[in-house]
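J.: Okay, here's the prediction I keep looking at, along with the sequence it came from:
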Amino acid sequence: MLIARGELPSLAAKPLVGFSGSLNPPVRIFNAMLDVVDERETPHPYLVEALPQLNRGSWRVFPDGQMETTHRLRPNLTWHDGAPLTGEDFVFGWRVYATPELGVAGTRPIRQMAEVTAPDPRTVVIRWRQPFPDADRMDVNFQPLPRHVLEAPFQSLDSAAFVNQPFWTVDYVGAGAYRVERWEPGAFIDAVAFEGHALGRPKIDRLRLAFIGDPNTALANMLSGDAHFITEFVLGYEEGLTLEREWSARNGGTVFFAPVLIRLSQVQFRPEYVNPKALMDVRVRRALVHAFDTPGAVEVFTGERGVITHTLSSPRAEYYPEVERGITRRDYDPRATQRLLEEAGFARGADGFYRSPTGEPLRLELWNTGGAVFERENRIFVDSLRRAGVDATPETLSPARLTDAEFRAHIPGLFTGGAGSDRLSEYSSEAIPRTENRWQGNNRGGWDSPAYERLWQAYNATLDRSERIRQIAEMERILNDDVGTIPHYFSLVVTANVASLQGPTARMTPDAPPAVQHIHTWEWRS
């Protein structure tokens, strides 16, 4: 039995708009794509015989800037219901995902695709509007859909009815390692090994995916042996530590603590909203970085298994040495805070807090998303800021404010939270929330750098991987130098499996997928 955080709102690898639910739901169990990315972010062929290779016929770039990739499917592919899986299913999948009313036409890589064709049943040709460097590692971002099941409702139903069909849940037809046998709403999915799986029949015949959101209940199931694997975002660090401690005496299993979730503080840059105005001074922002007791937070919330970072890139990334060469480390050091603030003209008052040359107090609100862990983290940071002479106060978003995108974009001081997998994109100008985009976008502080923007646009059209790494390093340097955000540390994702189950692995980097991508290779230990 596997445990997931909650009931899956859709089994599609790339769900349509309106679906929400547990973070990183284990939908890979039921789906197969052109390629699959492993725990080290290395791509492998899945439904195709080989990955497209640049300038080898299967990956061509044209003088007008457009691009074409050709993907040769493995022979005799089928869907879970036994129907043939052909190139036309990829053409149909693209038609569905490119439909604006279904809400994902603007996502990568759909928006970069100009056309998808199938010259024959085993060939998929994608014509790209521009160079797209990740054409050999699309993974769950582009999947086929069973045309023989969905074409009629796609033509006859409006978008709301199409999205709400039972196909996406209880009647799902995929091509992954397991197919749905029974779905008990609110409780579990029973699945059986798919004989026609492209990478071979799974070694374990059956599985149950149970929906258990309460970490203590999930922990009890693992300790009793009723459950055998627990997916991401069910257990926190403390529950994982308890499980590890209980198992250690009897070799009960393995707990993985993967430092892949970045914690950072966004800075308000809009002059009409920022408070204090001193945040607009880069010297003040640099001083504040030194005032955050990040080592203390890492010790409390990860037992020092988290990874302190000064960049959006993980220090565990293969290319990190090149990133590190270009940035300035600003470790926790209140003396550095003092030096930098005094250089900016601030002086400590009788109350111990700094004041500007005009006598204005350096008073700062530090916001968080709420919840016991994040509020404790916020208190650690606020206390360290206050000890360093910054009159910081903790603020927590109410549930109503948490979903109010406009309010979150107007937070006057600093906001501590996480970031998505495509972290560099979150500091591009297109990610700035505005009235025109209905306040959508994660660049909530409105940081804007023309130099960064030029690099970001070039990065998205550069095919040479070594050049892309250089661009990443330069974007990180610009962001670090201007303190466009304040990265703190990579927190933990906890997964676990019993000793009798062989095969699960942990994510090695933030952009790697959850562990179930190789579930067809898992087996019971003899």
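T.: Received it, and whenever you're ready, just let me know what you need.
J.: Tell me who's in contact with the residue nearest to the spatial centre of the chain.
T.: Taking C-alpha atoms, centre = their mean, the centroid of the chain lies closest to Ser421, which sits 3.2 Å from it. For Ser421, the contacting residues are 510-511, by C-beta atoms under 8 Å, 6 or more residues apart in numbering. C-beta here means a position set from N, CA and C on the backbone, and glycine is covered the same way.
J.: tell me the helices in this structure, going along the chain?
T.: 87-97, 147-156, 159-163, 215-224, 237-248, 282-291, 294-302, 320-325, 334-343, 372-387, 399-402, 405-409, 450-459, 465-482 (DSSP state H).
J.: Could you tell me how far Thr393 is located from Asp281?
T.: From Thr393 across to Asp281, the span is 20 Å (C-beta to C-beta, to the nearest Å).
J.: who has more neighbours, these two?
T.: For Thr393 versus Asp281, the count of surrounding residues by other C-beta atoms under 10 Å is larger for Asp281: 16 against 13.
J.: Got the confidence number for the more buried one?
T.: pLDDT, Asp281: 97.
J.: Please give the number of neighbouring residues around Pro357.
T.: By other C-beta under 10 Å, 9 other residues sit near Pro357.
J.: okay, and for the stretch 101-250 of the chain, where does confidence drop off?
T.: Scanning the stretch 101-250 of the chain for pLDDT under 70 picks out no residues.
J.: Give me the distance from stretch 512-526 to the chain's centre.
T.: 20 Å (C-alpha atoms, centre = their mean, to the nearest Å).
J.: now stretch 194-209
T.: Counting by C-alpha atoms, centre = their mean, stretch 194-209 comes out at 27 Å from the chain centroid.
J.: List the buried residues in it.
T.: Judged by neighbour count (16 or more other C-beta atoms under 10 Å), stretch 194-209 contains these buried residues: 194, 197-199, 202, 204, 207-209.
J.: Make CSV out of the residues you listed and add distance to Arg95.
T.: Converted to CSV, the buried residues of stretch 194-209 look like this (distance: C-beta to C-beta, whole Å):
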residue, distance to Arg95
Phe194, 25
His197, 26
Ala198, 23
Leu199, 27
Pro202, 31
Ile204, 35
Leu207, 32
Arg208, 35
Leu209, 30
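J.: now the helices of the chain as a markdown table including mean neighbour count and distance to Tyr273?
T.: Listed next are these as a markdown table, based on neighbours: other C-beta atoms under 10 Å; distance: least, C-beta to C-beta, whole Å:
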| stretch | mean neighbour count | distance to Tyr273 |
| --- | --- | --- |
| helix 87-97 | 22 | 36 |
| helix 147-156 | 15 | 44 |
| helix 159-163 | 15 | 35 |
| helix 215-224 | 17 | 37 |
| helix 237-248 | 17 | 34 |
| helix 282-291 | 22 | 16 |
| helix 294-302 | 19 | 26 |
| helix 320-325 | 16 | 31 |
| helix 334-343 | 18 | 23 |
| helix 372-387 | 18 | 20 |
| helix 399-402 | 11 | 15 |
| helix 405-409 | 17 | 8 |
| helix 450-459 | 16 | 21 |
| helix 465-482 | 18 | 18 |
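J.: what residue ranges in the protein score low on pLDDT?
T.: In the predicted model of the chain, residues 17-24 satisfy pLDDT under 70.
J.: do you know how far the residue of it most remote from its centre is from Pro334?
T.: Using C-alpha atoms, centre = their mean, the residue of the chain lying farthest from its centre is Ala350. It sits 45.4 Å away. Separation of Ala350 from Pro334 (C-beta to C-beta) stands at 19 Å.
J.: Among the buried residues of stretch 194-209, which one lies nearest to Leu414?
T.: When these are compared for distance to Leu414 (C-beta to C-beta), Leu209 wins out at 38.9 Å.
J.: That closest one contacts Ala187, doesn't it?
T.: No: contact criterion C-beta atoms under 8 Å: Leu209 and Ala187 do not qualify, at 10.1 Å.
J.: list residues touching both of those two?
T.: Listed as contacting both Leu209 and Ala187 by C-beta under 8 Å, 6+ apart is no residue at all.
J.: hmm, back to that, ok, which pair from the buried residues of stretch 194-209 is furthest apart?
T.: For the buried residues of stretch 194-209, the farthest-apart pair by C-beta to C-beta is Ala198 and Arg208; their separation is 23.4 Å.
J.: Just the C-alphas of stretch 76-95, formatted as CSV.
T.: Output of stretch 76-95 as CSV, limited to C-alpha atoms (Å, rounded to 0.1, in the frame of the first residue of the first chain):
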residue,chain,number,x,y,z
ASN,A,76,2.9,-2.2,-30.2
LEU,A,77,2.0,0.5,-27.7
THR,A,78,-1.5,0.2,-26.1
TRP,A,79,-3.7,2.0,-23.7
HIS,A,80,-4.9,0.5,-20.4
ASP,A,81,-8.1,-0.6,-22.2
GLY,A,82,-6.2,-2.5,-24.9
ALA,A,83,-6.7,0.1,-27.7
PRO,A,84,-3.6,0.9,-29.8
LEU,A,85,-1.6,4.0,-28.7
THR,A,86,-0.5,5.9,-31.8
GLY,A,87,0.9,9.2,-32.9
GLU,A,88,-2.6,10.4,-33.4
ASP,A,89,-3.1,10.3,-29.6
PHE,A,90,-0.3,12.8,-29.2
VAL,A,91,-1.9,15.0,-31.9
PHE,A,92,-5.2,14.8,-30.1
GLY,A,93,-3.5,15.5,-26.7
TRP,A,94,-1.9,18.7,-28.2
ARG,A,95,-5.3,19.8,-29.6
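J.: Distance of Gly93 relative to Thr99?
T.: Using C-beta to C-beta, Gly93 is found at 11 Å from Thr99.
J.: ignore the last one, Thr416
T.: 37 Å.
J.: what about those two, which has more around it?
T.: Taking neighbours as other C-beta under 10 Å, Thr416 and Thr99 compare with Thr416 leading, 22 against 16.
J.: residues touching that one, list them.
T.: When contacts are counted by C-beta under 8 Å, 6+ apart, Thr416 touches 263-266, 366-368, 374, 377-378, 381, 488.
J.: Test of understanding: give the bridge partners of it.
T.: Ser265 (DSSP bridges).
J.: coming back round to it: over to the residue farthest from the centre of the chain: give its phi and psi.
T.: For Ala350, the backbone dihedrals are phi -60, psi -30 (criterion: degrees, to the nearest 10).
J.: Contacts only, for it.
T.: By C-beta under 8 Å, 6+ apart, Ala350 lies in contact with nothing.
J.: And the contacts of stretch 164-172?
T.: Residues outside stretch 164-172 that contact it (C-beta under 8 Å, 6+ apart): 8-12, 15-16, 19, 30, 80, 149-150, 153, 157, 173, 180, 183, 185.
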